[in-house]
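> Below is the structure, and that's it, no one-letter string:
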């Protein structure tokens, strides 16, 4: 093992992995030296024989102490794990700053528990402010929309240290979504009504997708934006054929990302909104049934790309303002509230049987929700009844425990990095 590699693994050990030297010291293991074997030094841990490749070092220092063996075994095991990781696509680590948020037009990062808040980008001297943001799925870049005083918008692509690596400028506010491989961004603005632009992480043009003739994309502030499928084949949008109301008459359409055409999944101007892809390729939609010719009943549905639909139940007493799948596809988190009232709670729906539980019902208004990577926690931004300032909160997804405030005073946030 090279000196550089040993330093790398020593750094990992100092960060406190689950099974470090202290863990090994609590286990039953033996060490031996057998000159007939290569490598000559062996460690037997819980009945498993582990050859230690750094035997020449042990030869120099003599028979080691248990503490030394424990450290050497951890380094050896991590070395083997690192080789395996590189073989399947490279060594990765959890992002130390999974929360990205905007406060008063400036861009910040923080750890998952809200600690370590740091500003990485500021609003500009001309008054241009950050207004929306998305992590790339691999958490290597942030795309952030910046609104300007003249009504135009700029999509800024940044590294986590705040360095700008690209930008895309248009003359009106835009909706955008990352590709699942984190290499491209789909962008739509009101100045380009017939197409969705594709750009690279450097902001340069990387193609365009034509919308169906006469198709109006749904108003993002009313029905949500659009979203890229996990396999990269489709971009799901809501919209309607003109003349229509893009806030109410919307249906679900899939655009093929290779430019080969589109596929309409729902009919009847039923007000489809808040699309969300599951990791396994299903698409959740909320039927507002607000369309001028709609005869449907409000509720959440799950669609497949071939047009099959599973209705998760009529919810005449529920309006939904967001949808987010759990990492294991087993649950849907929604931001919801009584019809005609504010959206003030989290509802977790089972796609298997449509059953639902309400969480965090002590807020004045809830805006958006993400899942933690392990699926145990819901992270959301909301204003509480006691404090009208919008903050980032967390609550156990199983309904246990009270909501915990992570970051106070935010405009919007993103944590999961999913497209």
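Cool, the structure landed. In this text the structure is predicted, and so the values were computed from the model without any measurement.
> Between its first and last residues, how far does stretch 138-145 reach?
19 Å (Cα to Cα, to the nearest Å).
> go on, stretch 139-148?
OK, stretch 139-148 end separation, Cα to Cα: 26 Å.
> same question, stretch 341-351
For stretch 341-351, the end-to-end distance is 25 Å (Cα to Cα).
> residues of that stretch that come out buried?
343, 344, 345, 346, 347, 348, 349, 351 (16 or more other Cβ atoms under 10 Å). To be clear about C-beta, it is placed using only N, CA and C from the backbone, and glycine gets the same treatment.
> wait, residue 245 sits on residue 288?
No: counting by Cβ atoms under 8 Å, residue 288 is not a contact partner of residue 245; they are 11.3 Å apart.
> Next, give phi and psi for residue 401.
Main-chain dihedrals, residue 401, degrees, to the nearest 10: phi 80, psi 170.
> Report how many residues lie close to it.
Here the number of neighbours of residue 401 (other Cβ atoms under 10 Å) works out to 10.
> Setting the sequence-adjacent residues aside, check what's closest to it.
Sequence neighbours aside, residue 395 is the residue nearest to residue 401 in space, at 6.8 Å (criterion: Cβ to Cβ, 6 or more residues apart in numbering).
> again, but for residue 136
Leaving aside its sequence neighbours, residue 136 sits nearest to residue 182 (Cβ to Cβ, 6+ apart; 3.9 Å).
> show me where the stretch 251-400 of the chain has strands.
For the stretch 251-400 of the chain, strands defined by DSSP state E, counting those that start in this stretch occupy the ranges 251-256, 262-264, 272-277, 283-287, 299-303, 309-314, 319-325, 332-337, 345-349, 356-359, 363-371, 377-384, 391-396.
> Could you dump those strands into a markdown table with mean pLDDT added?
Output for those, formatted as a markdown table (pLDDT from 0 to 100):
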| stretch | mean pLDDT |
| --- | --- |
| strand 251-256 | 94 |
| strand 262-264 | 93 |
| strand 272-277 | 93 |
| strand 283-287 | 91 |
| strand 299-303 | 91 |
| strand 309-314 | 82 |
| strand 319-325 | 86 |
| strand 332-337 | 88 |
| strand 345-349 | 89 |
| strand 356-359 | 85 |
| strand 363-371 | 91 |
| strand 377-384 | 93 |
| strand 391-396 | 94 |
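> got the buried residues for stretch 151-171?
So for stretch 151-171, counting by 16+ other Cβ under 10 Å, buried means 152, 153, 154, 155, 156, 157, 158, 160, 166, 167, 168, 170.
> same question, stretch 243-256
With burial defined by 16+ other Cβ under 10 Å, the residues of stretch 243-256 counted as buried are 244, 245, 246, 247, 248, 249, 250, 251, 252, 253, 254, 255.
> Please apply the same query to stretch 289-301.
Quick answer for stretch 289-301 (16+ other Cβ under 10 Å): 289, 290, 291, 294, 296, 298, 299, 300, 301.
> And for stretch 117-134?
Of the residues in stretch 117-134, those buried (16+ other Cβ under 10 Å) are 117, 120, 121, 123, 128, 129, 130, 131, 132, 133, 134.
> ditto for stretch 183-201
For stretch 183-201, by 16+ other Cβ under 10 Å, it's 184-189, 192, 196-201.
> before we move on, the earlier item: pick the one among the buried residues of stretch 289-301 closest to residue 235.
residue 301 (18.9 Å; Cβ to Cβ).
> check contacts around residue 204.
residue 166 (Cβ atoms under 8 Å, 6 or more residues apart in numbering).
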